[in-house]
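Chemist: quick one, fold the following:
(2 chains)
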Number of protein chains: 2
Amino acid sequence: VDPLEEPVPGLGTYEDFNTIDWVREKSKDRDRHREITNKSRESTVALLHRISDAFSGWLLMLLVGLMAGALAGGIDIAAHWMTDLKGGVCLVGFWFNHEHCCWTYNETFQERDRCPQWKSWAELITGTSEPIPATYGQRQGTPWTGHQSIKTILSGFIIRGYLGKWTLIIKTITLVLAVSSGLSLGKEGPLVHVACCCANILCHLFTKYRKNEAKRREVLSAAAAVGVSVAFGAPIGGVLFSLEEVSYYFPLKTLWRSFFAALVAAFTLRSINPFGNSRLVLFYVEFHAPWHLVELAPFILLGIFGGLWGALFIKANIAWCRIRKTTRLGHYPITEVLVVAALTALVSYPNSYTRMSGSELISELFNDCSLLDSSQLCGYEQVETGAGNSLADRPAGPELYTALWQLALALIFKMTITVITFGMKVPSGLFIPSMAVGAIAGRLLGVGMEQLAYYNHDSILFRGWCSAGADCITPGLYAMVGAAACLGGVTRMTVSLVVIMFELTGGLEYIVPLMAATMTSKWVADALGREGIYEAHIRLNGYPFLEAKEEIDHNSLAVDVMTPRRGDPALTVLTQEGMTVGEVESLIESTRFSGFPVVLSQESQRLVGFVLRRDLLISIDNARKRQDGIVSASQVVFTEHLPPLSPEAPPPLPLRGIMDLSPFTVTDHTPIDITVDIFRKLGLRQCLVTHNGKLLGIITKKDVLKHMAQIANRDPDSILFN
Amino acid sequence: VDPLEEPVPGLGTYEDFNTIDWVREKSKDRDRHREITNKSRESTVALLHRISDAFSGWLLMLLVGLMAGALAGGIDIAAHWMTDLKGGVCLVGFWFNHEHCCWTYNETFQERDRCPQWKSWAELITGTSEPIPATYGQRQGTPWTGHQSIKTILSGFIIRGYLGKWTLIIKTITLVLAVSSGLSLGKEGPLVHVACCCANILCHLFTKYRKNEAKRREVLSAAAAVGVSVAFGAPIGGVLFSLEEVSYYFPLKTLWRSFFAALVAAFTLRSINPFGNSRLVLFYVEFHAPWHLVELAPFILLGIFGGLWGALFIKANIAWCRIRKTTRLGHYPITEVLVVAALTALVSYPNSYTRMSGSELISELFNDCSLLDSSQLCGYEQVETGAGNSLADRPAGPELYTALWQLALALIFKMTITVITFGMKVPSGLFIPSMAVGAIAGRLLGVGMEQLAYYNHDSILFRGWCSAGADCITPGLYAMVGAAACLGGVTRMTVSLVVIMFELTGGLEYIVPLMAATMTSKWVADALGREGIYEAHIRLNGYPFLEAKEEIDHNSLAVDVMTPRRGDPALTVLTQEGMTVGEVESLIESTRFSGFPVVLSQESQRLVGFVLRRDLLISIDNARKRQDGIVSASQVVFTEHLPPLSPEAPPPLPLRGIMDLSPFTVTDHTPIDITVDIFRKLGLRQCLVTHNGKLLGIITKKDVLKHMAQIANRDPDSILFN
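Modeler: Numbers count the residues shown, from 1 in each chain, chains lettered A, B, ... in the order given. Predicted coordinates:
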């Protein structure tokens, strides 16, 4: 009787905090697909099953897009309402936000903001006019936050419950609270998480995706694209973000499906129309003047600033998170959030640029001043330019100078508070704060350049392209370039960043400045520290993540990395016959390896296969319970045909079915860079090392990561999971 | 004396029409990089060398972008001039094209076309008014044309001279001739080829890229992106095209660099400004009306048409090319081109829509009719709509009906002539003809829909969104969707196609119709035939190309694919000691394998390493010439330490240096799908098969391809190269 005729429950699944075996998962899926294809020739029902199976991926993508788009729309609306609620309340109905409350109040556009239906708290209760910091935005018990965990999960790590329905509900609510609280954080990271939760929950509807960890990760990769797509209204940028930054395994099929899902989500969001302007994008920008080659110099300067800030931010933030992890501070997450929120509220209220939300600030900084603009940032002096360009560069007025001072203070405040805020136990994204820092710096530089150009038309720098009365410098463009540079410095995104910014502005025109700044920023930041913020957090958390971009410049061989090391006792192996159930059980108990190679015999050490600890345990347990005569003295047999046994011996336990007959092997002379390449590209969990056909040792993903940590002079024990 | 102290020339290089070993090439590059890094700590010169080495990739990309952009601009200008030359000549100077000739003639815009300086041939010589078919557009001796060869080269195949300077020069000239000849072909395919030639030539300037086949292919991938970028003014689309359609190995570093190069090229082209409108894009489109959900039905219909046409076109074109290959037709390429050109000229001249060039036609079809438009396609009857929308749908006039008839004829003509034209010995791209077919079909359907809407405002279909006097149907949009559908059906591009079209129009608005049509088109076409036109041509030519998208639904094992097959004599192997130079030489002569496994001994068959035939031949030749005492009786030794030899024996020849100590192995039980995955992802040339630690056989890329051909019921001997 083959115990595998009916599958033993649990066989082939993974334990929590373990890495999946991509090759096995993909192979399982192909088997399943082959079975369905073969069956489909037999009956119409099976054919229909095959067709529905083929389209289930698309259906799932559609559902993910719809659900994530709807959720994002809901979050936007709720956050908008709650943000306004900090300032006042609508007397007609408290569920209206400021804009909707005043919708019917038919005055001129400027006056609409001050309609009688909307009462600020100050008007209602004299005294309290400070915004209510959303100190209720925290949740205990989710130590795994943000992109870094998504990235690790996508690389094949299992964290149960991280993408479940409770996480979704709590994340959604807390995201609204966190965004509207006025803390220095953005929503794109949590939105990616929310989209991934949606995808994970929807995966349960389809057997194909529920049962296969690799297939599910394809859907999650697409969901990451969806998250960015709804956060910025940038579907193409979202897909490229998922490809470049988050995903580990990204086949072309996923690319196309991700794009579909991202588009569906973007259009769902647009039909919900949370911003009330029927625009898909968060910051719609339209500039009037082209840029000039000379301006590349300040753009590159912004790139350098962005790179410096990015590197500095990562170092400071990681240091702060390490303090939080190691000292007693980590025990009081709620107090921490309360303190930071109070601090943010206190310090940011006096300055109008820190008082407004991050996206409003960025929006205002990106804005190109037209003549009618009443914003403080457009406080130029009116100059009679005659018949000239009405948008010409003008000298700055006192209002603008005040604004510049406030912006400079806001810059310093944003730079410090973001370091403390990111990594707290609230859902927090980094895009908006990073962009805000860059946008402030860019705007300052832009106004400076503009004034320089205005007062020095005839200098060698500006002669020829920036004559008097011309609109040649656009401070808004500088803000945009600065935002891209800072975001690039922090996240080290490249193509996806430029494409996201391109989708925001819609003009190919400005790609070159963006690209110059992003490139400079990445180079500068890379020179000061190789890893982006997500990789740094992955490392801080000790996740088993094999970075695809890292190059290994070390000429060690597989034999230097494998277990056992030179001098250690030989590798624990099973023989394909001759061992008893009792011996195997004691071997399992005495070791902590998650798998054992099976060899021909202890003398020859010739490799036959590989068997996983979990599968072995489950099978033996199952056999002891269900199969007659399996006792400790029964022989465990991995061969194809049962060996001849003496008649009085107990029946053997055949376990060839759970053995992986095609384990990956490399020779002991394989350079470590090739080994790492194999691990990355094939998504392996372990690899056996042979020498002249004899089994010598085993390399696991953890071994590789530990070795890489060692090369980089880091603590190899910081890699926690397998 | 180690003969490898000074490298033997030719060692580690490849023969023509062979596949490279990606792992070995990448490993070589990492060694080189490591060496430079180590040296850089010693002296300033070495440090500078390291820095220049690190930036050489970017410099190369810049140069490729500049050169390809400049060439594309030149080609555009020359083709424009030659196209005009078919119609007439400028009396002021024959090198002016029609537009430049009439530039100074200051009449109204409509009249500018008919300036006195420009004389048509008809005016000059009475009688000849037929366009001169560019029968001079052919070149013999390049049987490798188009994307399919680039794709194969990028996958690691070596075709010497295919990307050389002569190819570049001849391609550039003939492309101008071919484009201006009026044949039904586009320029994007040859432009990709031209860009790859530029990249290949520029690679010679940098040691890093000259000497490493894998690194060079990274540059070529970027060059493919550059080619599409300049052909359509779509840098992002170009990069995605390279990623999705052309490239085999596309690391993230290449993505970023490709994007850079594509941008540089696009901006170089724009500053040359060949179209005279300072637009980056070939077909600038601006639509006035949004689309409605109901319109998705006709869009999907266009998708079905595109899919059907794509599948049909591929079948017909491949059948025609097979006829060309197998019959005597293939011996007269020049006559063929002459006949096709004459036929094209004769048939296309009477119809004004076939007379104009493909891109002009597409441009006109995409165009949205404004009130002032004098084009035949906008020959609507003027209706007094009162205060209504001036762009409202109007009833078609007689002029438009004539245009529709002409378009229908043009559609049939384009559909047939493209089948014959693509694959001729002229540089030919498929994008423009495919798009033209789709655009015609789309425009016809669009005008149909428009008239339907005009006459049935109140029917259930149009009620609610298309009232009388509104501009609700845009025939130009239908043309665009149709073009995307047909292009998608032929090439099976997905994301890149949508992004290219998006970059052409610049509005996210129209992505959904495009996506719906492209998706439908791909599904329909895939249902009728799995492979796109490029894959079909690759198969026709018998290239060793391992398609990344193809799924293998066959449960054979590695043992079924390997050489030797069951029953064949055992694998030819070398032993690590004991064989003489003479024995090895006779073994090499008697077999045709391109490499030999080295085993411990003939009895144990335990694998030690793998040695390539070419390396073995070169080393023995070199040793016989240079080393004293190497005769046929000398022992060939692959061990680390020389074995003890009798004093009278000739000195041994140690060859461990040329042996690959880490050959890839799989077990005989490895499923073939996993084996193919390993080949694809790691870019292997061959893989050894073991059973319980014993060497059993070898699988080469050719074996895999032959097996896949067998599964698909194709002739396995159609795979020609190794």
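Chemist: which secondary structure element contains the most centrally placed residue in chain A?
Modeler: The central residue of chain A, meaning the one whose C-alpha is nearest the mean C-alpha position (Cα atoms, centre = their mean), is A:His147 at 2.8 Å. Secondary structure assignment for A:His147, by DSSP states H and E: helix A:146-154.
Chemist: now for that helix, which elements pack on it?
Modeler: Contacts of helix A:146-154 with other secondary structure elements, assessed using 3 or more Cβ pairs under 8 Å, 6 or more residues apart in numbering or on different chains; DSSP states H and E, are made with helix A:188-203, helix A:213-232, helix A:533-541. (C-beta placed from N, C-alpha, C; glycine too.)
Chemist: can you report how many residues lie near the residue lying closest to A:Val611 once chain neighbours are set aside?
Modeler: When the adjacent residues along the chain are set aside, A:Val611 lies closest to A:Met659, with 4.8 Å between them (Cβ to Cβ, 6 or more residues apart in numbering or on different chains). Here the count is done by other Cβ atoms under 10 Å in any protein chain shown, and A:Met659 has 22 residues near it.
Chemist: what separates A:Met659 from A:Lys28, distance-wise?
Modeler: Between A:Met659 and A:Lys28 the distance is 15 Å, computed by Cβ to Cβ, to the nearest Å.
Chemist: now swap in A:Gly446 and tell me
Modeler: With Cβ to Cβ as the criterion, A:Gly446 and A:Lys28 are 56 Å apart.
Chemist: check A:Ile170 too.
Modeler: Relative to A:Lys28, and taking Cβ to Cβ, A:Ile170 is found at 33 Å.
Chemist: and A:Ile552, by the same measure?
Modeler: Using Cβ to Cβ, we find A:Ile552 at a distance of 31 Å from A:Lys28.
Chemist: and those two? Which one has more around it.
Modeler: More neighbours sit around A:Ile552 than around the other of A:Ile552 and A:Lys28, counting by other Cβ under 10 Å; the figures are 20 against 17.
Chemist: which residues touch that one?
Modeler: Under the criterion of Cβ atoms under 8 Å, 6 or more residues apart in numbering or on different chains, the contact partners of A:Ile552 comprise A:672-673, A:676, A:708, A:711, B:30.
Chemist: and the furthest pair within the residues you listed?
Modeler: Put simply, by Cβ to Cβ the two of the contacts of A:Ile552 set farthest apart are A:Met708 and B:Arg30, 14.4 Å from each other.
Chemist: my guess is A:Glu295 contacts A:Val512. True?
Modeler: No - in this structure, A:Glu295 sits apart from A:Val512 without contact. The criterion is Cβ atoms under 8 Å, and the distance is 10.1 Å.
Chemist: give me the number of residues near the nearest residue to A:Pro398 once chain neighbours are set aside?
Modeler: Nearest non-adjacent residue to A:Pro398, counting by Cβ to Cβ, 6+ apart: A:Gly379, 7.2 Å away. Residues within reach of A:Gly379, counting by other Cβ under 10 Å, total 19.
Chemist: all helices for the stretch 351-500 of chain A, in order.
Modeler: For the stretch 351-500 of chain A, applying DSSP state H, counting those that start in this stretch gives helices covering A:352-355, A:358-366, A:398-421, A:431-455, A:475-491, A:495-505.
Chemist: quick revisit: so which of A:Glu295 and A:Val512 has more stuff around it?
Modeler: Between A:Glu295 and A:Val512, A:Glu295 has the larger neighbour count (other Cβ under 10 Å), namely 23 against 18.
Chemist: okay, domains of chain A per the record?
Modeler: Dividing chain A into domains by automatic domain parsing, as the record does, gives the ranges A:50-272, A:299-379+A:390-540, A:558-718.
Chemist: of those domains, which approaches B:Leu308 most closely?
Modeler: Nearest to B:Leu308 among the domains of chain A is domain A:50-272 (19.7 Å), distances taken as Cβ to Cβ.
Chemist: from A:Arg216, how far out is the closest residue to A:Leu59 other than its chain neighbours?
Modeler: Leaving aside its sequence neighbours, A:Leu59 sits nearest to A:Phe206 (Cβ to Cβ, 6+ apart; 7.9 Å). In this structure, A:Phe206 and A:Arg216 are 10 Å apart, going by Cβ to Cβ.
Chemist: same thing with A:Arg592?
Modeler: According to Cβ to Cβ, A:Arg592 stands 28 Å off from A:Arg216.
Chemist: which of the two has more neighbours?
Modeler: In this comparison of A:Arg592 against A:Arg216, neighbours counted by other Cβ under 10 Å, the higher total goes to A:Arg216 at 23 against 8.
Chemist: and the residue of the stretch 301-450 of chain A nearest chain B?
Modeler: Among the residues of the stretch 301-450 of chain A, A:Gly303 lies nearest to chain B; the distance is 14.1 Å by Cβ to the nearest Cβ.
Chemist: got the contact list for that residue?
Modeler: A:Gly303 touches A:485, A:488, A:516-521, A:524, counting by Cβ under 8 Å, 6+ apart.
Chemist: re the thing from before, ok, the residue nearest to the centre of chain A touching A:Val246?
Modeler: Yes - with contacts counted by Cβ under 8 Å, A:His147 reaches A:Val246, the gap being 6.7 Å.
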